[in-house]
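Undergrad: Generate coordinates for the sequence data below:
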Amino acid sequence: MVANAPRSLYLEKAEESLDGANSEFVNGRFNNCANRCYYACYQAAIHALEEAGIRPRSASGQWGHDFVQAEFVGTLINRRKRYPSTIRDVLFRNLALRHEADYGPSTINATQASRALRRAREFLETIQP
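TA: Take a look at the predicted model:
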């Protein structure tokens, strides 16, 4: 019997962020829900990149948001076809909503948060092994 491989740190972080997004949604904190939805997808994308052998190019070894989005979509969806094109815009859409939630002049409503949560759930379901 082969022992299970250790879980990816970024996949664990993604699941925790998604749990946080669910909690924030249930409690009516839609700006925080949008924030956590984005981070759930961002962390899941890092997991997927690591699984594909892609590493950050920065000298510090940190994952930049632009790099993660470009490599995930450009390499893993468009070139390698590892994930379906149906999730191509999820990172971008959830990032735009997070920016509005965190820095914008308006607040996120229940419908927007619900849609972000649905996108994040689908993203993680697609990424998980």
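Undergrad: Model confidence for the residue most central in space within the chain, exactly?
TA: Nearest to the geometric centre of the chain sits Cys41, at 0.7 Å (C-alpha atoms, centre = their mean). If you check Cys41, the pLDDT there is 98.
Undergrad: so who does it touch?
TA: Contact partners of Cys41, counting by C-beta atoms under 8 Å, 6 or more residues apart in numbering, are 14, 90-91, 94, 119-120, 123-124. In this view, the C-beta of every residue, glycine as well, is placed from N, C-alpha and C.
Undergrad: which intervals of the protein have sub-threshold pLDDT?
TA: Where the chain drops to pLDDT under 70, the residues are 1-7, 129.
Undergrad: Skipping adjacent residues, who's closest to the residue nearest to the centre of the chain in space?
TA: Distance criterion C-beta to C-beta, 6 or more residues apart in numbering; nearest residue to Cys41, sequence neighbours excluded, is Phe123 at 4.7 Å.
Undergrad: now Phe92
TA: Gln69 (6.6 Å).
Undergrad: The one you found is in what secondary structure piece?
TA: Element membership for Gln69 (DSSP states H and E) is helix 65-71.
Undergrad: what's the burial count for Thr126?
TA: 15 (other C-beta atoms under 10 Å).
Undergrad: Ser85 is in contact with that one, correct?
TA: No. Assessed by C-beta atoms under 8 Å, Thr126 is found out of contact with Ser85, at 11.1 Å.
Undergrad: Pull out the buried residues from the host helix or strand of Glu16.
TA: When elements are assigned from DSSP H and E, Glu16 belongs to helix 9-26. Neighbour-count burial for helix 9-26, counted by 16 or more other C-beta atoms under 10 Å, picks out 10-11, 13-15, 17-18, 20-22, 24-25.
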